[in-house]
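Undergrad: Please find the sequence and the predicted model below.
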Amino acid sequence: MHIAIDKAKALIEAHRYILSFRDRIVVVKVGGSIQDDDEKMRALLTDVSFMSAVGMRPVIVHGGGKSINRAMDDAGLRARFIQGRRYTDRQTLEIAERVLVREVNAGLVEQLNASGSRAVGLHSMGSCVLFAERLGLTGPDGAPVDLGYVGTIVDVNTVLLRALCDDGYIPVLAPVAVARQADEHGVWKLNVNADTAAGHVAAALRAEKLVVCSDTHGIRTDPSNADSYASSLTQRQIERMVESGVIGEGMLPKVEACLMAVRSGVPKAHIVDGRMQHSILLEIYTDAGIGTQITLE
């Protein structure tokens with residue numbers, strides 16, 4: 001009886017959140033080792049299906065770095081990273097696109113549809129909603145850094161995304177974008193960091209939330225203290241943590257994506273541990289929440 005009462009209390013607590021988030025877009029970025037754990041991935045997608053079933057409009061942006069690394073190993077290629085970004089030559093781009101679209105994206109769409117949702121994959125081999133230009137970086141000496149076919153998002157087809165959401169579909173986006181113009185070899189595709197892509201999508205859609213699901217419980221205020229996770233941080237606090245080195249290279253793309261979103265009008269962004277059971281639902285539908293919440297002020 002006590003278990004049944006606790007379940008009823010949880011439903012009552014969730015009720016007002018369900019009402020307040022009805023028809024609101026929430027962008028969910030899926031990445032990290034959770035994508036290599038079928039059981040945890042299935043559980044997370046079931047939560048996303050629940051969100052859709054109760055009237056929320058989830059949009060998924062996924063990564064797939066570890067799967068790409070394995071495919072490159074099989075091809076006898078070694079992954080190279082420059083300033084935290086994968087160097088992408090033509091062969092690496094072809095492998096990344098194949099893995100992200102035909103394996104990861106297709107698998108996520110299949111699982112969502114099997115759970116009773118209506119999901120649709122959006123990617124560079126079909127209907128693509130991400131458009132990019134070559135990403136230009138500079139090294140410590142100020143010289144330009146060549147990343148190959150790596151892009152930065154310059155436009156998002158929000159008309160298509162909103163139309164799909166309004167019709168009850170769950171868009172699932174692979175982070176390979178269409179280039180604004182082909183290079184001298186006729187290549188029209190660019191590999192994009194998935195965290196960055198999720199931040200751009202949330203910003204363009206003016207989503208209600210951006211939720212980044214990864215391998216961490218949130219942001220630590222002390223990297224050496226495993227219990228120092230912050231429940232809430234502002235833009236200014238995060239900027240100070242980046243300047244002081246508290247937020248390092250691994251967390252930086254996630255933090256930058258969250259800041260991009262809130263600076264563009266997204267009320268809140270969250271970094272949560274996707275390995276934790278029902279982490280998305282706990283963040284959205286409970287008073288306490290989990291992970292680290294990021295706000296503008």
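TA: Received it, and whenever you're ready, just let me know what you need. Only a predicted model underlies this, so the values are computations on that prediction, with no experimental measurement involved. Numbers count the residues shown, from 1 in each chain.
Undergrad: got any ranges where the stretch 1-150 of the chain has weak pLDDT?
TA: Scanning the stretch 1-150 of the chain for pLDDT under 70 picks out 1-15, 17, 20.
Undergrad: can you map out the helices along it?
TA: With helices called from DSSP state H, counting those that start in this stretch, the stretch 1-150 of the chain shows them at 2-20, 38-53, 65-74, 90-97, 106-114.
Undergrad: The ones you listed: which one's closest to Asn225?
TA: helix 38-53 (25.9 Å; C-beta to C-beta). Where C-beta positions appear, they are placed from N, C-alpha and C, glycine not excepted.
Undergrad: would CSV of the helices of the stretch 1-150 of the chain with distance to His200 and mean neighbour count be doable?
TA: Shown next, in CSV, are those (distance: least, C-beta to C-beta, whole Å; neighbours: other C-beta atoms under 10 Å):
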stretch, distance to His200, mean neighbour count
helix 2-20, 25, 11
helix 38-53, 20, 19
helix 65-74, 18, 16
helix 90-97, 18, 18
helix 106-114, 19, 18
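Undergrad: closest to Ile290 out of those?
TA: Ile290 lies closest to helix 38-53 among those, at 12.6 Å (C-beta to C-beta).
Undergrad: Output that closest one as CSV, nothing but the C-alphas.
TA: The C-alpha trace of helix 38-53 is given here as CSV (Å, rounded to 0.1, in the frame of the first residue of the first chain):
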residue,chain,number,x,y,z
ASP,A,38,21.6,-1.0,-24.7
GLU,A,39,19.6,-1.3,-21.5
LYS,A,40,20.3,2.2,-20.3
MET,A,41,19.8,3.6,-23.8
ARG,A,42,16.4,1.8,-24.0
ALA,A,43,15.4,3.2,-20.6
LEU,A,44,16.3,6.8,-21.6
LEU,A,45,14.4,6.6,-24.8
THR,A,46,11.4,5.2,-22.9
ASP,A,47,11.5,8.4,-20.8
VAL,A,48,11.6,10.5,-24.0
SER,A,49,8.6,8.5,-25.3
PHE,A,50,6.8,9.3,-22.0
MET,A,51,7.5,13.0,-22.4
SER,A,52,6.0,12.9,-25.9
ALA,A,53,3.0,10.9,-24.7
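Undergrad: okay, the angle between that helix and helix 106-114?
TA: Angle of helix 38-53 versus helix 106-114, following axes from the mean of the first three to the mean of the last three C-alpha atoms, to 10 degrees, is 50 degrees.
Undergrad: which SS class is the residue lying closest to Met260 once chain neighbours are set aside?
TA: Take Met260 and drop its neighbours on the chain: the residue closest to it by C-beta to C-beta, 6 or more residues apart in numbering is Gly199, 4.0 Å away. Of the three states, Gly199 takes helix under DSSP: H, G, I helix; E, B strand; the rest coil.
Undergrad: What does the pLDDT read for Met251?
TA: Met251 carries a pLDDT value of 86.
Undergrad: and it, what is it in contact with?
TA: Met251 makes contact with 216, 219, according to C-beta atoms under 8 Å, 6 or more residues apart in numbering.
Undergrad: Mind doing that once more with 10 Å?
TA: 195, 214, 216, 218-220, 223, 238, 241-242, 271, 292 (C-beta atoms under 10 Å, 6 or more residues apart in numbering).
Undergrad: so which of these comes closest to Gly116?
TA: Ser214 (26.2 Å).
Undergrad: Was I right to think Asp166 contacts Gly55?
TA: No: Asp166 is beyond contact range of Gly55, at 11.8 Å (criterion: C-beta atoms under 10 Å).
Undergrad: Return every residue with contacts to both of those two.
TA: In contact with both Asp166 and Gly55: Asp23, using C-beta under 10 Å, 6+ apart.
Undergrad: quick one, phi/psi of Arg180?
TA: The phi/psi pair for Arg180 (degrees, to the nearest 10) reads phi -60, psi -30.
Undergrad: burial count for it?
TA: If you count neighbours by other C-beta atoms under 10 Å, Arg180 ends up with 14.
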